[in-house]
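Chemist: Just a sequence and a predicted model for now, questions to come.
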Amino acid sequence: MKIATWNINSLKIRLPQVLDWLAENQPDVLCLQETKLQDENFPIAAIAAVGYQTIYAGQKAYNGVALLSKQSGSEIVTAIPGLNDPQKRVLAAVYNDVRVICIYVPNGESVESEKYQYKLKWLAALNSWMQDMLSKHQKLVLLGDFNIAPEECDVHNPELWDGQVLFSLPEREAFREVLKLGLLDSFRLFEQPEKSYTWWDYRMMAFRRNMGLRIDHILLSNELAKICTACIIDKATRRLERPSDHAPVMVELKIEP
DNA sequence: ATGGCCTTTATCAAAGGA
């Protein structure tokens, strides 16, 4: 079973790339963030034509998440319980007995910003929710755009990013608190190339210079970590015409889909 | 190095992203 995440920064622009990527990689579930589409505009038919079902939670212009899958999902959840958040940043469903939770964590703008406080509050609510979810699901995947680079090795220039949003200590601590609930960073279960990132700024020729951050993650419950055979970042998408600024991340689990 | 890009919208300027 293959499960992937990709912040596509507008599904309208990136739909052909998503269709190609599905055909090429054949994930069982692909989680998308920043679809930036209202539900009535979701391209269900084009995605169905390549063999995928869809669940989506969108809004106009901003945010928006979706789950594309070969089999249909059940037990759909579209918000963090108890967090009164009008922004569409969460979508969860169960596939093949695996609880899949797709998230788009708020960016936070800057550590002085009100949006940063919203980010921390959002992460605290996520933590409570995950505590509850982990008590109910042995097989659980929490994945998406976390907008947090957890460790120094996840940042091209830790001195430059020190204290900045995406790498500030409070948000990294919030990330660690989620791991402490009983989740593992699938990417670090395996030997990986040095300077592996999932996001590169559109400016400054950041991709060509590999000035990136690893902010998109796939976290696995212990039971799934034990049967995880690979976690890869597909950098190739960042070289396409009009790329998303994020690359997809995918895990392979030893479960028959 | 401190800004350069990309996407969206009650568009041709501003906001948001990261």
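Modeler: That came in fine, so what should we check first? Worth saying up front: this structure is predicted, and the values here are computed from it rather than measured.
Chemist: Is the residue most central in space within chain A bridged to anything, and to what?
Modeler: Nearest to the centroid of the C-alpha atoms of chain A, with distances taken as Cα atoms, centre = their mean, sits residue A:144, at 1.0 Å. Beta-bridge pairing for residue A:144 (DSSP bridges): residue A:103, residue A:217.
Chemist: what residues does chain A put near DNA strand B?
Modeler: A:7, A:9-10, A:12-13, A:34, A:36, A:60-62, A:106-107, A:109-110, A:115, A:145, A:147, A:157, A:160, A:165-166, A:199, A:201-204, A:211, A:213, A:215, A:242, A:245-246 (Cβ under 7 Å from any atom of the strand). Just so you know, the C-beta spots here come from the backbone N, C-alpha and C atoms, and that holds for glycine as well.
Chemist: Isn't residue A:154 up against residue A:213?
Modeler: Yes - if you go by Cβ atoms under 8 Å, residue A:154 and residue A:213 touch, sitting 6.4 Å apart.
Chemist: tell me, what's touching those two both at once?
Modeler: residue A:197 (Cβ atoms under 8 Å, 6 or more residues apart in numbering).
Chemist: Give me the more crowded residue out of these two.
Modeler: Remark: of residue A:154 and residue A:213, residue A:154 carries more neighbours, 25 against 22, as counted by other Cβ atoms under 10 Å.
Chemist: who's in contact with the more buried one?
Modeler: A:197, A:213, A:214, A:215.
Chemist: change it to 6 Å
Modeler: Residue A:154 sits next to residue A:214 when contact means Cβ atoms under 6 Å, 6 or more residues apart in numbering.
Chemist: same check, this time on residue A:101
Modeler: A:92, A:142.
Chemist: Could you check the pLDDT of the nearest residue to residue A:194 once chain neighbours are set aside?
Modeler: Spatially, and ignoring its direct neighbours in sequence, residue A:194 is nearest to residue A:153 (7.6 Å; Cβ to Cβ, 6 or more residues apart in numbering). Looking at residue A:153, its pLDDT reads 97.
Chemist: Distance of residue A:153 relative to residue A:201?
Modeler: Distance check for residue A:153 against residue A:201: by Cβ to Cβ, to the nearest Å, it reads 19 Å.
Chemist: Check residue A:229 too.
Modeler: Per Cβ to Cβ, residue A:229 is found 32 Å from residue A:201.
Chemist: The two: which is more packed in?
Modeler: For residue A:229 versus residue A:201, neighbours defined as other Cβ under 10 Å are more numerous around residue A:201 (13 against 10).
Chemist: All the helices of the stretch 1-150 of chain A, residue numbers only.
Modeler: A:11-25, A:44-48, A:114-136 (DSSP state H, counting those that start in this stretch).
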